[in-house]
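Visitor: Predicted model follows, preceded by the sequence.
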Amino acid sequence: MIGRKKRDLVVEGFIYLAAILTTVIVAGIFFFLFKDGLPLFGEVSFKEFFTSPYWYPTYEDAEYGIFALLIGTLSVTGLTILFSIPLAFASSIFLAIFSDKSRNFIKSIVELMAGLPSVVLGAFALKYISKWIIENIPSAWTGLNIFNASLVLSLLSLPYFITLMEDAIRAVPKTQIEGSLSLGVSWTSTIFRVVIPQAKSGIFNAMILGINRIIGETMIVLMVAGGAAMVPSGIFDPVRPLTATIAGEMGETELGSTHYFALFMIGVILLLFSTCFTLIASKLKGSGKIDKR
Amino acid sequence: MKKIIALALISLVLVGSLVASTIVIKGSNTVYPIAQLWAEDFKAMNPEVEISIEGAGSSTGYKALLEGQADIADASRWIKSKEVVAMNEAGKLFVPFIVAYDGIAVIVNPELGIENITIEQLGEIYSGKLGSWKNLDDSLDNKRIVVYSRDNASGTYEYFTETVLGDERLAPQVQMLPSTNAIVEQVSQNKYAIGYIGMGYLTDTVTGLAVEGVLPTVANVNSGTYPISRPLFMWVDGTNGLPEGKVMDFIKYALTPEGQARTLDAGYVNAYGIE
């Protein structure tokens, strides 16, 4: 028989090992992405890469400008935020404060949404939403565009937003809400003056984690954002976000070619986005006034 | 004693299943549907053979063949010079078989109302010089031409752009979609869309245009008059002579009259005689 102490030590060691392993893996991902991305700037200038709108990686006189792709990612993400955050915010307030019996039902629907495979949503958008857009929106010349992708991405990201925001709102002490109401303050004022200020950092945290998720989403933008590497002039123009470019082109790229380095550099940029957002999120959480109890 | 016999039997079966050959086919997603039909037939005749097929693009096939990770590389284009260099450096020799012909159909929405297009017009559309259908034909609506293409990882993309554009570039507003189905779907939804697909994927929801007056039909590809058609290949590693056994049997089957008839089932065109 091993003594209790020894057993604890083994378990402790295992836990440490697991934690270190995770760190090593993340560091490794950073290292290899940079290793395969940085050689790009030996062949393409920094300025061309970030400011040229011409993405022609497979031509004789290839050009590797990601400006249009970057705008693609930002526009799809931006519109998704516009669609989903107000909706998620309202739903989370409802779930946290007003729902009673309906809560479990709505919660399970939200959880079901979270489990929807993105490829299924994509196929649905390709067939039905796209058709609807062409038939009903006169200014839309193609059914695959920023609008369509953002709509589907909103569906995908709503569960994240709702769950995280609801947690933030629930963390506001009930006594404060009751106190405010008992002083004769209306529900509207209570929500905007008492609940939201208290839950602010948690709500921001939810937004940032959700945005992180939207930027990284690949399948949906590959299928329904339209795939055109152009700088859009409206929400019904097609775009080719960064993730879709990697997914669409990596399979055919020769190892060690400029195109290959460029795709890895795009990966680096996505990783930097995600790191920034994660850092901001953890900062917010740290300074948050959420009562952990 | 019985146990030993049983063990021996089990190990024999195990060894047997290891020997029972697996044919690994990788490469072009244009060749994929026809390779799959042949694999079904071949498995029906040789139940002990396992066949795995991947269709991630011609380049992946050549790469897999070079690295010894595939027995057969499907390709919808000829081997590139840099792939030949890599092959030479590895001291290998790849051997091609033409297994079928593929015609690329140019598709529009049936409501658009055109039936013919020229290679030159296609070039102008895909390079973005012709913005509106009215510029193509005065009788058409003054509406933006919505241009669809396959992703640049697709062999169909390479062949099509080479044929209609030469060295010219695809316009930035051309929409690159990851699958043929997506293109058919979009063209069938949008009256002003144009796209191109392998003839095997033509459906009656879209119109396959005549190119230079020649319709995309099996007969026209076979006779060589349809301008956008190409041979499809299966490559094998012939460094030490042609492969023996099931891999070669598979290719032989594909080239029999029976196998060639299957190309028509997949919407392609037979390369050799069928009965």
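Guide: Great, that's in hand.

Visitor: for the stretch 101-250 of chain B, what spans make up the helices?
Guide: Using DSSP state H, counting those that start in this stretch, the helices of the stretch 101-250 of chain B run over B:119-126, B:133-136, B:155-165, B:180-189, B:218-222, B:246-255.

Visitor: next one: chain A
Guide: Using DSSP state H, the helices of chain A run over A:4-37, A:40-43, A:46-51, A:67-93, A:102-114, A:118-124, A:130-136, A:146-170, A:174-182, A:187-189, A:196-216, A:219-224, A:242-249, A:258-287.

Visitor: want to throw those helices into TSV with distance to B:G238?
Guide: C-beta: built from backbone N, CA, C; applies to glycine. Compiled in TSV, the helices of chain A are given as follows (distance: least, Cβ to Cβ, whole Å):
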stretch	distance to B:G238
helix A:4-37	34
helix A:40-43	36
helix A:46-51	42
helix A:67-93	42
helix A:102-114	52
helix A:118-124	39
helix A:130-136	47
helix A:146-170	47
helix A:174-182	77
helix A:187-189	79
helix A:196-216	44
helix A:219-224	37
helix A:242-249	31
helix A:258-287	29
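
Visitor: now, of these, which is deepest in the fold?
Guide: helix A:219-224 (a mean of 28; mean count of other Cβ atoms under 10 Å in any protein chain shown).

Visitor: if we can go back for a sec, dump the helices of chain A into JSON lines; add distance to B:A182 and mean pLDDT as well.
Guide: Converted to JSON lines, the helices of chain A look like this (distance: least, Cβ to Cβ, whole Å; pLDDT from 0 to 100):
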{"stretch": "helix A:4-37", "distance to B:A182": "29", "mean pLDDT": "91"}
{"stretch": "helix A:40-43", "distance to B:A182": "30", "mean pLDDT": "91"}
{"stretch": "helix A:46-51", "distance to B:A182": "29", "mean pLDDT": "92"}
{"stretch": "helix A:67-93", "distance to B:A182": "17", "mean pLDDT": "94"}
{"stretch": "helix A:102-114", "distance to B:A182": "24", "mean pLDDT": "89"}
{"stretch": "helix A:118-124", "distance to B:A182": "9", "mean pLDDT": "93"}
{"stretch": "helix A:130-136", "distance to B:A182": "9", "mean pLDDT": "94"}
{"stretch": "helix A:146-170", "distance to B:A182": "12", "mean pLDDT": "93"}
{"stretch": "helix A:174-182", "distance to B:A182": "50", "mean pLDDT": "90"}
{"stretch": "helix A:187-189", "distance to B:A182": "46", "mean pLDDT": "90"}
{"stretch": "helix A:196-216", "distance to B:A182": "22", "mean pLDDT": "89"}
{"stretch": "helix A:219-224", "distance to B:A182": "7", "mean pLDDT": "94"}
{"stretch": "helix A:242-249", "distance to B:A182": "12", "mean pLDDT": "93"}
{"stretch": "helix A:258-287", "distance to B:A182": "21", "mean pLDDT": "88"}
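
Visitor: Rebuild the ones you listed as JSON lines, extending it with distance to chain B.
Guide: Putting the helices of chain A into JSON lines (distance: least, Cβ to the nearest Cβ, whole Å) gives the following:
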{"stretch": "helix A:4-37", "distance to chain B": "17"}
{"stretch": "helix A:40-43", "distance to chain B": "17"}
{"stretch": "helix A:46-51", "distance to chain B": "15"}
{"stretch": "helix A:67-93", "distance to chain B": "7"}
{"stretch": "helix A:102-114", "distance to chain B": "24"}
{"stretch": "helix A:118-124", "distance to chain B": "9"}
{"stretch": "helix A:130-136", "distance to chain B": "5"}
{"stretch": "helix A:146-170", "distance to chain B": "11"}
{"stretch": "helix A:174-182", "distance to chain B": "49"}
{"stretch": "helix A:187-189", "distance to chain B": "44"}
{"stretch": "helix A:196-216", "distance to chain B": "18"}
{"stretch": "helix A:219-224", "distance to chain B": "6"}
{"stretch": "helix A:242-249", "distance to chain B": "4"}
{"stretch": "helix A:258-287", "distance to chain B": "9"}
